[in-house]
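Engineer: here's a sequence, model it:
(one chain, ligands or ions: 2)
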Amino acid sequence: MNRSAPLVVVMGVSGSGKSTVGAALAQRLGVPFADADDLHPAANIAKMTAGHALDDTDRGPWLEAIGTWLADHDGRGGVMSCSALKRSYRSVLHRHAPRTEFIHLAGSREVIARRQASRPGHFMPASLLDSQFAILEPLAPEEHGVEVDVDQSVDAMVDEAAAYVAGR
Ligand SMILES: Nc1ncnc2c1ncn2[C@@H]1O[C@H](COP(=O)(O)OP(=O)(O)O)[C@@H](O)[C@H]1O
Ligand SMILES: O=C(O)[C@H](O)[C@@H](O)[C@H](O)[C@H](O)COP(=O)(O)O
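Structural biologist: Ligands and ions are numbered 1, 2, ... in the order given. Next up is the predicted model:
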């Protein structure tokens with residue numbers, strides 16, 4: 001069994017609970033937490049705030065910064081909340097930190113839209129949710145990770161994620 005500290009990316013579309021569940025999971029696991037929203041270049045935040053979806057070029061340097069954080073935390077472990085919507089994005093992260101595991105917070109557009117809309121003071125406009133679902137690629141069987149249903153309490157989601165990590 002691999003006893004090294006967990007290195008986890010909590011992924012999913014905007015409003016799926018990445019920040020909430022990621023922070024709680026990090027606390028449960030006793031490892032540092034970071035939110036990929038804080039690693040976006042200012043231009044990316046400005047673009048999303050203005051209602052435009054990011055493209056692969058916008059996400060390139062951001063993914064490199066997230067991968068660097070993961071590689072830096074390989075020894076002590078960590079949890080990063082990051083949309084990581086496409087498999088190619090997850091491949092970039094995996095290249096930096098090969099033992100990264102992915103927890104995909106997955107659910108219906110209806111539930112997630114409700115949560116996203118009820119979240120106060122966030123830069124991400126609700127209008128961009130469709131573009132997030134449009135490019136979302138769920139985890140492939142050969143990727144290291146698990147899907148957790150968003151339609152349950154935060155505690156239950158963290159329980160599932162922590163159980164997956166413990167059993168790896
Ligand atoms: N399991 C849950 N049950 C109810 N509300 C939730 C749950 N998970 C997250 N939320 C709420 O939904 C909103 C979006 O969650 P957030 O963590 O900001 O998502 P993301 O980081 O993926 O955009 C927040 O207001 C958060 O408090
Ligand atoms: O790749 C992207 O398009 C963005 O990273 C996006 O997926 C992310 O969701 C935003 O940064 C909004 O932040 P929230 O996910 O916290 O809503």
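
Engineer: who in this protein is up against ligand 1?
Structural biologist: Applying Cβ under 6 Å from any ligand atom, we find that the chain lies next to ligand 1 at 12, 14-20, 81, 115-116, 118-119, 150, 153-154, 157. Quick note: C-beta positions are derived from backbone N, CA and C, even for glycine.

Engineer: centre of the chain to the helix ranked longest in the chain, how far?
Structural biologist: Using DSSP state H to define each element, the chain has its longest helix at helix 56-72. Helix 56-72 sits 13 Å away from the centroid of its parent chain (Cα atoms, centre = their mean, to the nearest Å).

Engineer: what's the answer for stretch 120-137, then?
Structural biologist: 13 Å.

Engineer: so for it, what gets flagged as buried?
Structural biologist: Applying a neighbour-count criterion of 16 or more other Cβ atoms under 10 Å, one finds Met124, Leu128, Leu129, Gln132, Leu136 buried in stretch 120-137.

Engineer: just the C-alpha atoms of the very next helix or strand once past the longest helix of the chain, please, in CSV.
Structural biologist: Using DSSP states H and E, the helix or strand that follows helix 56-72 in sequence is strand 78-81. What follows is strand 78-81, C-alpha atoms only, in CSV (Å, rounded to 0.1, in the frame of the first residue of the first chain):
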residue,chain,number,x,y,z
GLY,A,78,-2.1,18.5,-0.7
VAL,A,79,-5.6,19.2,-2.1
MET,A,80,-6.1,21.5,-5.1
SER,A,81,-9.6,22.6,-6.2
